[in-house]
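Student: build the 3D model from these lines:
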Amino acid sequence: MKAVLVIGDGMADRPVKELSWKTPLEVAHKPAMDKIAKTGICGIMDVIAPGIPPGSDTATLALLGYDAVKVYSGRGAFEAIGSGIEVLPGDVALRCNFATVDDEFVVLDRRAGRIANEDASKLAESLQKIKPTGSSVKIVFKNTVQHRAALLLRGPKLSTAVGDSDPEKVGEKVLVIKALDNTSEAKRTAKILNDLLQKFHKILQEHPINEKRVKHGLLPANAILCRGAGTVPNIKPLSEVYGVNAACVSAVSLIKGVCKVAGMKLVDVNGATGTPQTDFMAKAKAAVQTLKTNDLVLLHVKAPDVPSHDGNIKQKIAVIEKIDQMLGYLLEKVDLNETYLAVTADHTTSSVTRNHEGDPVPVVITGPYIRCDDVAEFGERTCAKGGLNRIRGIDLMPILMNLIGKTRKFGA
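Tutor: The predicted structure is shown next:
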């Protein structure tokens, strides 16, 4: 037996007035999802805990069966690892955004107008040679998808106990990074980061790419915002926990980083971009091919989260319908007599608040010998009536592993 877990990033939502108080998932035309619901067992899931908005990093940890509250050690290391940066013991890594600020360092756009990869790569290259003042610390800066990037600090006496520079709200000033404890290491790390961000701003402000962007009416990516200082968590790989060969199909560095730390193989797909313009079917085909040599395949789709953060309800519906086409392909190509197929979201992203929220997400599992319930449609409210009832994110992986015969009896 094998399993495929499909995660629509931010696919769950709240009812919106523009859709007559339905959610984008409820309005979308999704015959494949509904078929999976009809033949499977449904429920709703608190990915971390009721009312707690998950980050995509902690959410993915939970969905892989880890207790994120206990093992989480910051977002930055996952971003760096997923982008191909080696993170060593003692290194400090941070998630970064290319952003737009005014002369007073007030944030005008946290994503620099969702800057294109090509422009971001050229800007990132210009930051690679920057050195902190009066320090031997080395840095690695690498862009990933659109505005996203990772920053790594390597050197002695560094600490992850530092705050963020990202205020996470437009219209507020960039934060001064502060030490979160009284250690000299934390104070030193905060000082180095503040120095670097000032130098980054000066270079970006004068960069020809940004001059060209302004000339063409685009927002300049003239600042770097950082958050989530972290290091690699100490977790057992899935191969040790369950004895499975597992693989991840994702275009997003953060998800790839979490999965790599969990011991999963990373599958790169041509045309997979981590945006609404991604090649959905190429990812579905890659998942089917990868399943041939693995027990578990995680297929992650970033696309629905992007329009959610932009408040673009129409695009979110369109993206959900493309995910449904992916699922239709999986239903056609995967042998459901030998395979379990699970579909869920990693968190609710509200198209109104444009933020991650703590609302539960729908989840469904179909496959052989499943105790089917009476749910006939995949959605936030319909799945709440299903046989899985209300579970936690950390419960999903043991449920899947039990179905494919990879769990051990507890007790004599």
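Student: can you map out the helices along the protein?
Tutor: Using DSSP state H, the helices of the chain run over residues 24-27, 31-39, 56-63, 68-71, 76-82, 117-127, 184-205, 208-215, 238-242, 253-261, 280-291, 305-310, 313-333, 393-403.
Student: winner for burial among these?
Tutor: The highest mean neighbour count among the helices of the chain, using mean count of other C-beta atoms under 10 Å, belongs to helix 76-82: a mean of 29. Where you see a C-beta, it was placed from the backbone N, CA and C, and this is true even at glycine.
Student: give the other helices and strands that it contacts.
Tutor: strand 92-101, strand 148-154, strand 223-230, helix 253-261 (3 or more C-beta pairs under 8 Å, 6 or more residues apart in numbering; DSSP states H and E).
Student: pipe those into a markdown table and attach distance to V107 per row.
Tutor: Putting the helices and strands packed on helix 76-82 into a markdown table (distance: least, C-beta to C-beta, whole Å) gives the following:
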| stretch | distance to V107 |
| --- | --- |
| strand 92-101 | 6 |
| strand 148-154 | 16 |
| strand 223-230 | 7 |
| helix 253-261 | 21 |
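Student: so which of the helices of the chain gets nearest D346?
Tutor: helix 56-63 (3.9 Å; C-beta to C-beta).
Student: mind checking which of the helices of the chain is nearest V16?
Tutor: Shortest distance between V16 and the helices of the chain, using C-beta to C-beta, is found for helix 313-333: 6.2 Å.
Student: and the closest one, what does it pack against?
Tutor: Looks like helix 313-333 contacts strand 2-8, helix 24-27, helix 31-39, helix 280-291, strand 296-301, helix 305-310, strand 339-345 (3+ C-beta pairs under 8 Å, 6+ apart).
Student: strands paired with the fifth one, and their directions?
Tutor: Sheet pairing for strand 296-301, assigned by DSSP bridges, gives strand 2-8 (parallel), strand 246-249 (parallel).
Student: what does it rub up against?
Tutor: Residues outside strand 296-301 that contact it (C-beta atoms under 8 Å, 6 or more residues apart in numbering): 2-9, 60, 64, 238, 244-250, 252, 255, 259, 264, 278, 280, 283-284, 287, 290-291, 323, 326, 400, 404.
Student: if we use 6 Å, what do you get?
Tutor: 3-8, 244, 246-250, 255, 287, 290-291, 323 (C-beta atoms under 6 Å, 6 or more residues apart in numbering).
Student: for PyMOL, what selects the buried ones among the residues you listed?
Tutor: Per 16 or more other C-beta atoms under 10 Å, the buried members of the contacts of strand 296-301 correspond to this PyMOL selection:
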select buried, resi 3+4+5+6+7+8+244+246+247+248+249+250+255+287+290+291+323
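Student: returning to that earlier point: columns distance to F105 and mean pLDDT on top of the helices of the chain, output as TSV?
Tutor: Output for the helices of the chain, formatted as TSV (distance: least, C-beta to C-beta, whole Å; pLDDT from 0 to 100):
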stretch	distance to F105	mean pLDDT
helix 24-27	35	98
helix 31-39	44	98
helix 56-63	27	97
helix 68-71	33	95
helix 76-82	22	93
helix 117-127	18	94
helix 184-205	8	96
helix 208-215	16	95
helix 238-242	43	97
helix 253-261	26	96
helix 280-291	39	98
helix 305-310	22	96
helix 313-333	31	98
helix 393-403	37	98
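Student: so for A223, which of those helices sits nearest?
Tutor: Per C-beta to C-beta, nearest to A223 of the helices of the chain: helix 184-205, 5.2 Å.
Student: what's next to the closest one, contact-wise?
Tutor: Residues from elsewhere that reach helix 184-205 (C-beta under 6 Å, 6+ apart): 126-127, 130, 132-133, 135, 137, 157-159, 161-162, 165, 177-179, 222-224.
Student: in strands, which of those appear?
Tutor: Taking DSSP state E, the ones among these that sit in strands are A223, I224.
Student: report the buried members of the contacts of helix 184-205.
Tutor: Counted by 16+ other C-beta under 10 Å, these give 126-127, 132, 135, 137, 158-159, 161-162, 165, 177, 179, 222-224 as buried.
Student: pLDDT check: weakest of those?
Tutor: Within the set of these, pLDDT is lowest for S135 (85).
Student: got the domain ranges for this protein?
Tutor: 2-72+235-403, 80-230 (automatic domain parsing).
Student: closest one to A412 among the ones you listed?
Tutor: Going by C-beta to C-beta, the one of the domains of the chain nearest A412 is domain 2-72+235-403, 18.5 Å.
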